[in-house]
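Q: just need the structure, nothing else, for what follows:
(one chain, ligands or ions: 1)
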Amino acid sequence: MSHRTPLIAGNWKMNKTPAEGVELAKALVAQVGTESAVQIVLCPPFTALDAVGRAIEGTHLALGAQNMHDKASGAFTGEVSATMLRGLHAGYVILGHSERRSIFGEDDAFINRKVLAALEASLKPILCVGELLSEREAGRTNEVVRIQVEKGLAGVPAGRAEQVVIAYEPVWAIGTGKTATPAMAQEVHAFIRGLLAAQFGAEIAARVRILYGGSMKPDNADALLAEHDIDGGLIGGASLEAKSFVDLVRSAAKSLAP
Ligand code: PEP
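A: Numbering: from 1, shown residues only. Next comes the predicted model:
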């Protein structure tokens, strides 16, 4: 960890009704609602954004969405826009999650348009990148991640780059209980920071948060968060219960200790 404010984001995926989301959000507010050393972001499904947003109002917790469309409005049945998310006081949006890429066929060009639209609307994109197991085994991790980062961030003005958060999520580690070792993750995170430096310059690259995602849990978080270029986590399964999520926030706070 470094001078960057760590960020712990909970990706609730297609879980929690509004009432269940409020219950979880209230439990989190009670335990870490005044935590200022760590940026905490809750990403409920669209249907719970409003209720969860109200439950965390006035606390240090921020609201994020799990996806959006790149267009501002129009005939896109089932989609929501950046402006709509801003209207619910979302500050972040997860883009390019591997489930969006693999199940819903999203490609880098579409994800890039969303990144640009999010930034334009003052939403911070959490751009997810990561390799499949077959790609890692074929020695193609860096190549895959480079293409996703470069295409995902094409056209992002340097002045807005600091608003971007990258989440390195090796696909084989998502929801599987398998985690990248801290050394494996650090290697890719450092590689990503190098890509950011090439595009935006070293100073800006040093300020961009790069999260790890993929079965991050209280029992492996300390070691991952101790790595220099791991600035927090994008958490799936362990974000659905207050205790494990709070423990992850505490790990991130602890990682700041000299
Ligand atoms: C995710 O889906 O972004 C994720 C990291 O999930 P999990 O923590 O369950 O592996």
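
Q: backbone torsions only: list them for the residue in the stretch 101-250 of the chain positioned nearest to the ligand.
A: Per Cβ to the nearest ligand atom, residue 236 is where the stretch 101-250 of the chain lies closest to the ligand, at 2.2 Å. (Each C-beta comes from the backbone N, C-alpha and C, glycine too.) Dihedral angles of residue 236 (phi, psi; degrees, to the nearest 10) stand at phi -90, psi -100.

Q: counting neighbours, what do you get for it?
A: 21 (other Cβ atoms under 10 Å).

Q: once you drop chain neighbours, what's closest to it?
A: Leaving aside its chain neighbours, residue 236 sits nearest to residue 11 (5.2 Å; criterion: Cβ to Cβ, 6 or more residues apart in numbering).

Q: count of neighbours near the one you found?
A: Per other Cβ under 10 Å, the neighbour tally for residue 11 reads 26.

Q: now do the one 3 residues further on
A: Using other Cβ under 10 Å, the number of residues around residue 14 comes to 8.

Q: how about the residue lying closest to residue 245 once chain neighbours are set aside, what does it touch?
A: Of all residues not flanking residue 245 in the chain, residue 239 sits nearest, at 4.9 Å (Cβ to Cβ, 6+ apart). Taking Cβ atoms under 8 Å, 6 or more residues apart in numbering as the criterion, residue 239 is in contact with 9-12, 42, 245, 248.

Q: got the residues of the stretch 1-150 of the chain near the ligand?
A: Taking Cβ under 6 Å from any ligand atom as the contact definition, the stretch 1-150 of the chain meets the ligand at residue 11.

Q: point to the residue nearest the middle of the protein.
A: residue 126 (4.2 Å; Cα atoms, centre = their mean).

Q: quick check: that one touching residue 91?
A: No - counting by Cβ atoms under 8 Å, residue 126 sits too far from residue 91 to count as a contact (10.6 Å).

Q: now do the lowest-mean-pLDDT helix or strand in the chain: distance to the chain's middle.
A: Scoring the helices and strands of the chain by mean pLDDT, DSSP states H and E places helix 133-137 at the bottom, with a mean of 94. Relative to its chain's centre, helix 133-137 lies at 22 Å (Cα atoms, centre = their mean, to the nearest Å).

Q: give me the contact list for that helix.
A: 141, 144, 170-172.

Q: ok, 7 Å please
A: If you take Cβ atoms under 7 Å, 6 or more residues apart in numbering as the criterion, helix 133-137 is touched by 141, 144, 170, 172.

Q: return the subset of the residues you listed lying in helices.
A: 141, 144 (DSSP state H).

Q: of the contacts of residue 239 - the most surrounded one?
A: The contacts of residue 239, ranked by neighbours (other Cβ under 10 Å): first place residue 42, 29 neighbours.

Q: how about the strands in the stretch 151-258 of the chain?
A: 165-168, 209-213, 232-235 (DSSP state E, counting those that start in this stretch).

Q: returning to what we had before: let me have the contacts of helix 133-137 in JSON lines, extended by neighbour count, pLDDT and distance to residue 196.
A: Listed next are the contacts of helix 133-137 as JSON lines, based on neighbours: other Cβ atoms under 10 Å; pLDDT from 0 to 100; distance: Cβ to Cβ, whole Å:
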{"residue": "141", "neighbour count": "21", "pLDDT": "97", "distance to residue 196": "17"}
{"residue": "144", "neighbour count": "18", "pLDDT": "98", "distance to residue 196": "17"}
{"residue": "170", "neighbour count": "28", "pLDDT": "97", "distance to residue 196": "19"}
{"residue": "172", "neighbour count": "20", "pLDDT": "93", "distance to residue 196": "24"}
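
Q: much appreciated, bye for now.
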